[in-house]
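Asks: coords please:
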Amino acid sequence: MLCLCSIKVLGVRYPTCAARGVVGNLFGLNRNVRSLFTCRPQGSALLPYKRRQSTSHYRGKRYMRLQISDPAAILNAIATKYESSTRVLMEYVDNSLDSAENLKQLATTSVKPGFPRPISIHIGIDQDMRQVWISDNCQGIDPEMMMRLVSNIGESKKKGVAWLNGQFGFGLHAFRAAADSLHVYSAVERSNLHYLSISRKSVDFDEPVPLKRNDVLHDSRLQRAFSLGLLGNNTEHFDQLDSGFSGSAILLENIDKLWFKPLHIKGVAAEIQQHFESLLQQEELTISVSTHGTTKRNKTTVPAPASVVCRPFDYGVLEGEVFAGAIPVAAGKAIKYHIVVSKQVVPNRRPRFFKNGRCISGVSETRSFMEDSPYKDALWGHPALCGYIEVGDCLQPVITRDEFAKSEDRATVYTALRTLETQLNTALDSTLVSQMDENMSDLEDVLQASVAQIVRRDSSFLRAMAEQGADESVFEPIAAGTVDVSDDDRHPQRTDDSDPSAALDTVVRDDVEYKAIKKPGKNSDSARENRPSKKRRGPFEIKFVDVAADEVSHAERSFATGTCLYINVAHRDFQERMHRDSKGRLRFNARVAAYLANELACHYRMKFYEKFDQAVPHERERLYHELCDSVNSVESVLNTKIATLERKIRSKERFTE
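Replies: Residues are numbered from 1 along each chain as shown. Predicted coordinates for the structure are as follows:
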């Protein structure tokens, strides 16, 4: 009884009924496996196969050879290393790109270098049938190569070729993680279209069969793809079977529901744009994604969007400090990097490792590098950091291409990146200071609004007392309505921009220099000159100030000068109450609100007494109660407004990340 096909493992061919070799060594399987493959013809039930010893002799020594009883189960187990359906899909897009690169290399010897024709790679998602097509107009696969790709596990002709990405010869079997079967339609130039089908439930498969025009007309899978446009610009070539056409169309059929759910057009397009970022910059290369059918959103069935063309990301539009260059790590080998410490957060563009233009993983998601990095996720996971590190031939990925294989070269590369890490961390600290200044400026507005609210409350109280016949000499300013109680709490207002007591950028007090914190991009001299004059609300204008490190110990917490109140954010008591998250960003909490309430309330009461020509109460009890009342009032208002500000900041961060 003969099997239909055999399997070749690392250059040695075995019949399916007795496949033996080093598959276990390649994928880390148990070396003590001793059973044999089970022999069965196509369509027959499993037949018992008598166990026999597989022994060989070499130079008089007897040794055992590894044997596997169920190769399909082993291949399926290896495929489970893929953790997402989009990652599985990238394996087939990667194969198309490798084929395109082969065409490009062949064309470099001609008069016109580059691709010999516009290359189109298309991903078609069939929502109703839970299947995905990946088609291209590249080199195509001849029948012999098609057989080798399926049967020769662990062997890849791409290995060692500088412009190709293949390493393990397993990519075609990646479908086993998510789909029941794989169907391959492919043609090389001036040859027939051939068809091959593989099931994840079996290692038996038919040889590739040629398809003629009549066969294509009766192929239900192809006809559905043609009618729905799931092959994109390649539809006409496969439909008409042009004699000069070459290319491939691969179908992942009956994808598991859980794995199919993430395969929507936006997610797949975004994954391609991140995964093949640098390759998308090539002229005459187009990768597009389309979908057909309906999808469920919030338990409602809606039509899926039509199509999208994947675009490369332009780092040139970012404002920030750029780090670009190459780091030599071995003879003739170097890693290239392009990383931007951006002034604004860039969504989904955190630094990533690339190999030959293909993304391996995010730097902060590469476990081996994170264990070695001194700055870890605080640096590489920060949303203001974006870019890529191209390792070229310096490192090799593991089979799932989301981590680097452990080697001496890996340790060398990680060590070489230490200097870059230090530079990036220094630049990021400067960016964090800028972000802190912006947040502190927003907090100034919150404090100003809170004081204005307390002023309105006290104004209403005093006005009511004046109307009830209280001492007019005390409450006359309030009764006359000269205190500004505007409803606009968003901006502080000045009575006169030329007022010498107005807020200054630098204040010297008791030989200590206090520098005002400016909101980035909004407190420049030109911006101040063009800003319309505003009336100050409340008793004073509030400004946060900073002092030099050597002056912190004898600097005041806060002080009032003229119509301005300065709060020192460098003071130890303030710093102890400030909270920073793992990425160094400021977080405003109740402790900050309580501290600021105490500072504001004390200065507010003094201004209150000064405003209405009242003497500071001599009775300790009265002074205590009035001060406590002000502290509690300001803290109550601040807690609400600071919580609102914190939600606003977090919402902005979530949106941009």
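Asks: quick check: phi and psi on residue 441?
Replies: phi -60, psi -40 (degrees, to the nearest 10).
Asks: is it in contact with residue 542, as I believe?
Replies: No - using C-beta atoms under 8 Å, residue 441 is not in contact with residue 542; the gap is 10.8 Å. Heads up, the C-betas are built off the backbone N, CA and C, glycines and all.
Asks: so residue 181 makes contact with residue 255?
Replies: No - look at residue 181 against residue 255 with C-beta under 8 Å: they stay out of range, at 10.0 Å.
Asks: show me which of these two is the more surrounded one.
Replies: residue 255 (24 against 17; other C-beta atoms under 10 Å).
Asks: what distance do you get for that one to residue 195?
Replies: Using C-beta to C-beta, to the nearest Å, residue 255 is found at 20 Å from residue 195.
Asks: burial measure for residue 370, as a count.
Replies: Residues near residue 370, counting by other C-beta under 10 Å: 15.
Asks: and what of the one 4 residues further on?
Replies: Summarising burial for residue 374: neighbours were counted as other C-beta under 10 Å, giving 10.
Asks: chain neighbours aside, what residue packs nearest to it?
Replies: residue 421 (6.8 Å; C-beta to C-beta, 6 or more residues apart in numbering).
Asks: can you pull the contacts of the one you found?
Replies: 373-375, 379 (C-beta atoms under 8 Å, 6 or more residues apart in numbering).
Asks: and what of residue 193?
Replies: Contacts of residue 193 by C-beta under 8 Å, 6+ apart are 185-187, 210-211, 216, 238, 241.
Asks: next one: residue 551
Replies: By C-beta under 8 Å, 6+ apart, the neighbours of residue 551 are 512-513.
Asks: tell me the SS of it?
Replies: Using DSSP: H, G, I helix; E, B strand; the rest coil, the secondary structure recorded for residue 551 is helix.
Asks: surely residue 198 is within a helix?
Replies: No - counting by three-state DSSP, residue 198 falls outside a helix, being strand.
Asks: which residue, neighbours along the chain excluded, lies closest to it?
Replies: Residue 198 sits nearest to residue 182 (C-beta to C-beta, 6+ apart), 4.7 Å away.
Asks: who does the one you found form a beta bridge with?
Replies: On the basis of DSSP bridges, residue 182 is bridged to residue 198, residue 252.
Asks: that one - how many residues pack around it?
Replies: Around residue 182 there are 22 residues (other C-beta under 10 Å).
Asks: now residue 207
Replies: Neighbours around residue 207, by other C-beta under 10 Å: 12.
Asks: cool, and the one 5 residues further on?
Replies: In terms of burial, residue 212 registers 10 neighbours under the definition other C-beta under 10 Å.
Asks: can you check the one 5 residues further on too?
Replies: Using other C-beta under 10 Å, residue 217 is surrounded by 11 other residues.
Asks: and the residue lying closest to it once chain neighbours are set aside, how far from residue 378?
Replies: What sits nearest to residue 217 in space, not counting adjacent residues and going by C-beta to C-beta, 6+ apart, is residue 223, at 7.3 Å. Shown here: residue 223 relative to residue 378, a distance of 55 Å by C-beta to C-beta.
Asks: look at these two and report which has more neighbours.
Replies: residue 378 (16 against 13).
Asks: how close does that one get to residue 580?
Replies: 10 Å.
Asks: quick revisit: torsion angles phi and psi at the residue nearest to residue 374?
Replies: phi -60, psi -40.
Asks: going along the chain, name the helices of the stretch 1-150 of the chain.
Replies: 23-27, 71-79, 85-107, 143-151 (DSSP state H, counting those that start in this stretch).
Asks: would you mind giving those as CSV with mean neighbour count added?
Replies: Shown next, in CSV, are these (neighbours: other C-beta atoms under 10 Å):
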stretch, mean neighbour count
helix 23-27, 17
helix 71-79, 17
helix 85-107, 21
helix 143-151, 18
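Asks: will you turn these into a markdown table that also has distance to residue 637?
Replies: Output for those, formatted as a markdown table (distance: least, C-beta to C-beta, whole Å):
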| stretch | distance to residue 637 |
| --- | --- |
| helix 23-27 | 64 |
| helix 71-79 | 59 |
| helix 85-107 | 48 |
| helix 143-151 | 70 |
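Asks: closest to residue 329 out of those helices?
Replies: helix 85-107 (23.9 Å; C-beta to C-beta).
Asks: distance check, the residue nearest to residue 198 against residue 251.
Replies: On the measure of C-beta to C-beta, residue 182 and residue 251 end up 7 Å apart.
Asks: then residue 285?
Replies: 23 Å.
Asks: same deal with residue 210?
Replies: 18 Å.
Asks: who has more neighbours out of those two?
Replies: Neighbour count, other C-beta under 10 Å: between residue 210 and residue 251, residue 251 has more, with 26 against 12.
Asks: pretty sure the more buried one contacts residue 219?
Replies: No - counting by C-beta under 8 Å, residue 251 does not reach residue 219; the two are 10.7 Å apart.
Asks: for the stretch 1-150 of the chain, which segments count as strands?
Replies: Applying DSSP state E, counting those that start in this stretch to the stretch 1-150 of the chain gives strands spanning 6-9, 12-15, 55-58, 61-64, 119-126, 131-136.
Asks: try the stretch 201-350 of the chain
Replies: Counting by DSSP E, counting those that start in this stretch, the strands of the stretch 201-350 of the chain are 209-211, 247-255, 285-292, 294-297, 300-303, 307-309, 320-330, 333-342.
Asks: most tightly surrounded among those?
Replies: strand 247-255 (a mean of 24; mean count of other C-beta atoms under 10 Å).
Asks: quick one, that one and helix 143-151 angle?
Replies: 30 degrees (axes from the mean of the first three to the mean of the last three C-alpha atoms, to 10 degrees).
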